[in-house]
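Student: need a 3D model of the sequence below.
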Amino acid sequence: MSMYRQLWLAIIVSMLLALTGSLFASLLSARAYLEQQLSQKNADNASALALSLSQQNPDAVTVELAVAALFDSGHYDSIRVHDPNGKLIIERVAPTGNMGAPEWFVKRLPIDADPGEAQITSGWKQFGTVTAR
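Tutor: Now for the predicted structure:
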């Protein structure tokens, strides 16, 4: 193999390595950004739900309607409301289905956002805890 071909081969291999490394770093950066944004969205929406329920006198029906409205308008895995003792008041869980991405991609690069949590109060008493994921 001539020196000219070896030089071109080295250039092509180094460019492919640089492109692969750049793509991998960009993919991991985008994943971290999405996890951060989803965690922040979960926390904000859990706080908004808890605040809206705290402004009125919450009962089981009111909580169920508010959770259903938030769950139906957003893309959540689950929204749970527990009483202060840890007993489940209401839970809405999304069915697992097609994520719009290949299964191998979802398994290799999962996005695990932290759930948002907020306290629901009724006057000076705690009514429960909202967990949105």
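Student: count of neighbours near residue 48?
Tutor: 16 (other C-beta atoms under 10 Å). Heads up, the C-betas are built off the backbone N, CA and C, glycines and all.
Student: pull the contacting residues for it.
Tutor: For residue 48, the contact set (C-beta atoms under 8 Å, 6 or more residues apart in numbering) is empty.
Student: surely it is in a helix?
Tutor: Yes. Residue 48: assigned to a helix according to DSSP: H, G, I helix; E, B strand; the rest coil.
Student: low-scoring stretches of the chain, by residue?
Tutor: 99 (pLDDT under 70).
Student: so where do the helices sit in it?
Tutor: 3-54, 60-73, 103-108 (DSSP state H).
Student: in a markdown table: the ones you listed, plus distance to residue 116.
Tutor: Below are the helices of the chain laid out as a markdown table (distance: least, C-beta to C-beta, whole Å):
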| stretch | distance to residue 116 |
| --- | --- |
| helix 3-54 | 3 |
| helix 60-73 | 11 |
| helix 103-108 | 22 |
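Student: out of those, which is closest to residue 89?
Tutor: Ranking the helices of the chain by proximity to residue 89 (C-beta to C-beta) places helix 60-73 first, at 6.1 Å.
Student: for the closest one, what is the distance to the chain centroid?
Tutor: 19 Å (C-alpha atoms, centre = their mean, to the nearest Å).
Student: residue 18 and residue 27: what is the separation?
Tutor: Using C-beta to C-beta, to the nearest Å, residue 18 is found at 15 Å from residue 27.
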